[in-house]
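# no sequence for this one, just the structure:
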């Protein structure tokens, strides 16, 4: 297991061998060798690339570019030379020319994945989010069976609110890695955000059915399921107000109509108010109050068949609990009017059971003034009216009640000590989240980082002000098993205003997101005042990299825990060809 490392301050640049620095002696040497080479024979593409790289890495950027320009003049279709030229330009604050160089490299070799990754990394640093996504889409079309490219594409699409496209990428990633249950939680969240509640429920149930009891994923899956059915959050695409294309005049009309409708309803002018409520729902189909009031209006007009259909839409509109309970009550009344006795019985029985449960749970408790409660006696009278018409359902309910009573009677009586122990257990805190699953399935499109890019090398650019920026070279999501060092190059969302410890901890990704301490590699850095970028250095374990997918948790704070977990990034190690 690799030990933590401290990122070097600006005045100690030489302690990390992967950072390219300027050396005056080497600069002079390259200038001399470059001048000699002008009169020599033409070099091969490989030799030109090697010489230009040596010049660049020695700080002689101009010499490197001149060598490449000469080589490109002789070999205009040499993709490797165009790519190297783009790499150099990307580190000297000339992103536009660098992108053009990468485009020429891709024109010569359209399926050069390393060039696509290099262009993507530059576009990300340049802040061109949609163009960077287009590069990821190009890579996804080339590396169709690479799950990580589909995963990253899904994340980047979410960041720019292209949720429907993001969902398709999540689906593809999960298809390629169906055993990773943590990925399926993210898929469920993606479905939830586009209001596919049925699909989200199916994925969450799948995770809960296949997860090992006590697994780190069990609690996040249960929390997400509770959010699906109990939370006021209904997903990103849920609109509680008028549709986005509503005009200012429509907004004014909607506000005015709500007031007019209420006045008409209170005055009992039901025929006049019906078209007003329908107009309100045309303007805003997700208005639960207008839906409820239209249902009541239709009941007053003795049109229960239509009222039941309107009330049936309430469950999709996220109404308040008391409004929903009243809706069930009104539907039960309508079913009695329509002599649909079975449906009436089911609605009133649900309300009656809820009233009994509430009464037992709050026995002896003084409720706050104004608390709305279900009228158990009133519901019971309606049940008495319905029961003669549904003897089979009444018998079934009686048998269920009898079985429950027998089960309670057979249950052992707890001693006083056991009773108190059970009560204390219930008030204990929930099991804490495991570190690795802290953001599993969460809407975690926020972070300390503007980007985190895995790369084979890193370059430091020093500004005249004394500030500096670290830039990734050879970015990607796949590295050979022989890779000795992997850099996670990051840019903070804003300049650091204080000293903050950051840490990265990477381990092979498992089915249930558990971590193997023996296979974990990690690094720690310290941001200082005005730092805007940095990198984590992951050194290969003593036993070498294990082929497979790696997940890196990123932490902000003194301790690496679920509560300091701020983001994650993935890469994979492949067998050398």
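Now that the structure is in, tell me what you want to look at. Computed from a predicted structure; not experimentally measured. Numbers count the residues shown, from 1 in each chain.
# pull the residues that contact the top strand by length along the chain.
Longest strand in the chain, counting residues (DSSP state E): strand 449-462. Contacts of strand 449-462 with the rest of the structure, by Cβ atoms under 8 Å, 6 or more residues apart in numbering, involve 10, 13, 18-21, 91-93, 121, 124-125, 468-477, 479, 483, 485-493, 535, 554, 566-567, 569, 571. C-betas here are computed from N, CA, C, even on glycine.
# how about the residue lying closest to residue 544 once chain neighbours are set aside, what does it touch?
What sits nearest to residue 544 in space, not counting adjacent residues and going by Cβ to Cβ, 6 or more residues apart in numbering, is residue 481, at 6.7 Å. Shown in contact with residue 481 (Cβ under 8 Å, 6+ apart): 544, 545, 547, 573, 574, 575, 576.
# now do 10 Å
Contacts for residue 481 were tallied using Cβ atoms under 10 Å, 6 or more residues apart in numbering; they are 540, 544, 545, 546, 547, 573, 574, 575, 576.
# what do you get for residue 540?
Residues near residue 540 by Cβ under 10 Å, 6+ apart: 2, 479, 481, 482, 483, 484, 485, 486, 521, 573.
# list phi and psi for it.
The main-chain torsion angles of residue 540 are listed as degrees, to the nearest 10 and equal phi -60, psi 140.
# same check, this time on residue 320
Its backbone dihedrals place residue 320 at phi -70, psi 160, with angles given as degrees, to the nearest 10.
# picking that back up, sitting in strands, which of the contacts of strand 449-462 do you find?
When the contacts of strand 449-462 are checked against strands using DSSP E, the ones located there are 19-20, 468-475, 479, 485-492, 535, 554, 566-567, 569, 571.
# find the nearest non-adjacent residue to residue 296, please.
If the residues on either side of it in the chain are set aside, residue 296 comes closest to residue 330, at 6.8 Å by Cβ to Cβ, 6+ apart.
# go on, residue 131?
residue 123 (4.9 Å).
# burial measure for that neighbour, as a count.
The local packing count at residue 123 equals 23, with neighbours defined by other Cβ atoms under 10 Å.
# one more: residue 109?
16.
# mind listing what it touches?
When the contact criterion is Cβ under 10 Å, 6+ apart, the partners of residue 109 are 77, 78, 79, 80, 82, 83, 115.
# just the buried members of the contacts of residue 540?
2, 479, 483, 485, 486, 521, 573 (16 or more other Cβ atoms under 10 Å).
# greatest separation within those residues: which pair is it?
2 and 479 (15.5 Å; Cβ to Cβ).
# what about residue 465, distance to residue 530?
For residue 465, the distance to residue 530 (Cβ to Cβ, to the nearest Å) stands at 9 Å.
# looking at these two, which is more packed in?
The residue with the greater number of neighbours, taking residue 465 and residue 530 and applying other Cβ under 10 Å, is residue 530; the counts read 12 against 7.
# the more buried one contacts residue 466, doesn't it?
Yes: under the criterion of Cβ atoms under 10 Å, residue 530 lies in contact with residue 466, with a separation of 8.5 Å.
# ok so, going back, burial of the residue nearest to residue 296, as a residue count?
Neighbouring residues of residue 330 were enumerated by other Cβ under 10 Å; the total is 21.
# what does the one 10 residues further on give?
The local packing of residue 340 (other Cβ under 10 Å) involves 18 other residues.
# next: residue 402.
Neighbouring residues of residue 402 were enumerated by other Cβ under 10 Å; the total is 10.
# distance of it from residue 395?
Here residue 402 is placed at a distance of 11 Å from residue 395 (Cβ to Cβ).
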